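Peer 1: Below are the sequence and a predicted model; questions follow.
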Amino acid sequence: MPPTSRQPQATRQRLIDAAFAEIHRHGLGPTGLDAILERAQLTKGAVYHHFGSKQELGLAVFDEVVAPWVRGAWIEPVRDAQDPLKELTTRVKGLVKRTAEERSLGCPLNNLIQELGGTEPPFQERINALLGEWRTQLALDLARGQVAEQVRRDLEPKDVAAF
């Protein structure tokens, strides 16, 4: 592995990016530190300088990659749209335009939910908080759609968002 210059933030980011790629492809459990290090072209010392454990690295991936991706792809654009229902529909329809690799890898959040959501408390807490944030915003978006007469008035936004 090539020697690294002392750029702690860049090194940390390389670890997170490599860990995300490996976790997204294989899952957190099956992903070994050796695969992450090979992808990042770093040594074990770099991991343990920045993270106390593989779980800590996984949590950083969730906090710094997965959660911002969900917010940027699904929460904020719908929240900020003039017509939230149209924006949501456009985003859902856009899923078919993903590449074959993107389709085969699946949603990073859903993958973690399937693998860890009910078994790993630190992940479960973060996943539940992000899903709660998403549900809350979606309910607000649906209520906004009701005011604009784009969503049926007889629907309960919180129930639809939870569904």
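Peer 2: Great, that's in hand. Nothing here was measured: the structure is a model prediction, and the numbers come from that model.

Peer 1: quick one: contacts for the residue nearest the centre of the chain?
Peer 2: In the chain, the residue lying closest to the centroid (CA atoms, centre = their mean) is V66, at 2.2 Å. V66 makes contact with F20, P108, L109, L112, according to CB atoms under 8 Å, 6 or more residues apart in numbering. Every C-beta, even on glycine, is put in place using the N, C-alpha and C of the backbone.

Peer 1: just N110 next, same as before
Peer 2: For N110, no residue meets the contact criterion (CB under 8 Å, 6+ apart).

Peer 1: That one: which element?
Peer 2: Using DSSP states H and E, N110 maps to helix 108-116.

Peer 1: tilt between the longest helix along the chain and helix 108-116?
Peer 2: Secondary structure of the chain per DSSP state H: the longest helix is helix 121-147. Interaxial angle of helix 121-147 relative to helix 108-116 (axes from the mean of the first three to the mean of the last three CA atoms, to 10 degrees): 140 degrees.

Peer 1: How about the helix or strand that helix 121-147 is followed by, which residues are buried there?
Peer 2: Downstream of helix 121-147, the next assigned helix or strand under DSSP H and E is helix 157-162. Buried residues in helix 157-162, counted by 16 or more other CB atoms under 10 Å: P157, A161.

Peer 1: swap in stretch 101-118?
Peer 2: C107, P108, L109, N111, L112, I113, E115, L116, G117.

Peer 1: No more questions from me, cheers.
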